[in-house]
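Engineer: Build me a model from this:
(chains A and B)
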Amino acid sequence: EAGVTQFPSHSVIEKGQTVTLRCDPISGHDNLYWYRRVMGKEIKFLLHFVKESKQDESGMPNNRFLAERTGGTYSTLKVQPAELEDSGVYFCASSQGPLGTQYFGPGTRLTVL
Amino acid sequence: GQNIDQPTEMTATEGAIVQINCTYQTSGFNGLFWYQQHAGEAPTFLSYNVLDGLEEKGRFSSFLSRSKGYSYLLLKELQMKDSASYLCAVYGGATNKLIFGTGTLLAVQP
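Structural biologist: Got it, this is the predicted structure:
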């Protein structure tokens, strides 16, 4: 069974540009999560989808971040316009049910110059 | 507030046993996870505790005391490949989000 996949693995962009990250969860997992790890800090929650609905987006930093999960399969996280402080590793995770084990993807390392 | 504490770094010797502690203070509790993460890779699931006591899985065991807000991960017969970061995470409160500690970087030496 394929695990959680994320694309791209690395992205280097300039301040003010737009970047879109993609996450493909484990097949059949209705719950999809986005997290972010800024250098030197802990992994922090961004938002949670159940199928195509946003269940909890309390961790989204500001309105420059937009997450979608059309059709309840893969998800995208767009940052527009990117700022220096957005640099970090963005992880996606999925679980079969609520409060289930979350399986993580390898992350996208975003560098904003 | 929500807080997860674990040591930043630990060093142990190949073949030995190491215990990584984690204390948590959260507004609620719905389970505690341990993940292993090698540099540049995905955090991989190791163990899950929701009730008090010890869960054993091969060379890895995890213990939970909910009354003390405390857990530990025990690694036996350490191997060089166990050198990694170990993350403690809690389902806290009324949400489904995981709250993470900063991770413990374990170095296994020959």
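Engineer: Now residue 51: closest residue in space that isn't a chain neighbour?
Structural biologist: I'll assume chain A. In space, and not counting its chain neighbours, A:Lys51 is closest to A:Gly72: 3.8 Å by CB to CB, 6 or more residues apart in numbering or on different chains. Every residue, glycine included, has its C-beta placed from N, CA and C.
Engineer: try again with chain B
Structural biologist: B:Leu64 (7.1 Å).
Engineer: what does chain A have sitting close to chain B?
Structural biologist: A:3-4, A:31, A:33, A:35, A:41-45, A:48, A:55-56, A:58-59, A:91, A:93, A:98-99, A:101-107 (CB under 8 Å from any CB of the partner chain).
Engineer: ok, A:Thr101 - contacts?
Structural biologist: Taking CB atoms under 8 Å, 6 or more residues apart in numbering or on different chains, we find A:Thr101 in contact with A:Ser95, B:Phe33, B:Phe45, B:Tyr48.
Engineer: Quick check: which ranges of the chain have low pLDDT?
Structural biologist: As the question left the chain open, I've gone with chain A. A:1 (pLDDT under 70).
Engineer: not quite, I wanted chain B
Structural biologist: B:1.
Engineer: hang on, the residue nearest to A:Lys51 packs against A:Asn31?
Structural biologist: No. Assessed by CB atoms under 8 Å, A:Gly72 is found out of contact with A:Asn31, at 10.5 Å.
Engineer: Need the residues touching each of these two.
Structural biologist: A:Phe49.
Engineer: and those two? which has more neighbours close in?
Structural biologist: Neighbours per residue (other CB atoms under 10 Å in any protein chain shown) separate A:Gly72 from A:Asn31, with A:Asn31 holding more: 20 against 14.
Engineer: tell me the contacts of that one?
Structural biologist: A:His48, A:Phe49, A:Val50, A:Gln55, A:Ser94, A:Ser95, A:Gln96, A:Gly97, A:Pro98, A:Gly100, A:Gln102, B:Asn96.
Engineer: go again using 10 Å as the cut-off
Structural biologist: By CB atoms under 10 Å, 6 or more residues apart in numbering or on different chains, A:Asn31 lies in contact with A:25, A:48-51, A:55, A:93-100, A:102, B:96.
Engineer: Produce a ChimeraX select command limited to the buried residues of the residues you listed.
Structural biologist: Of these, the buried ones can be selected in ChimeraX as follows, counting by 16 or more other CB atoms under 10 Å in any protein chain shown:
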select /A:25,48,49,50,55,93,94,95,100,102 /B:96
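Engineer: Out of the contacts of A:Asn31, which comes closest to B:Gly40?
Structural biologist: A:Ala93 (16.9 Å; CB to CB).
Engineer: close enough to count as contact, the closest one and A:Thr5?
Structural biologist: No. With contact defined as CB atoms under 10 Å, A:Ala93 does not reach A:Thr5; the gap is 11.9 Å.
Engineer: okay, and the common contacts of these two?
Structural biologist: With CB under 10 Å, 6+ apart as the test, A:Ala93 and A:Thr5 both reach A:Cys23, A:Pro25, A:Ile26, A:Gly105, B:Ala42.
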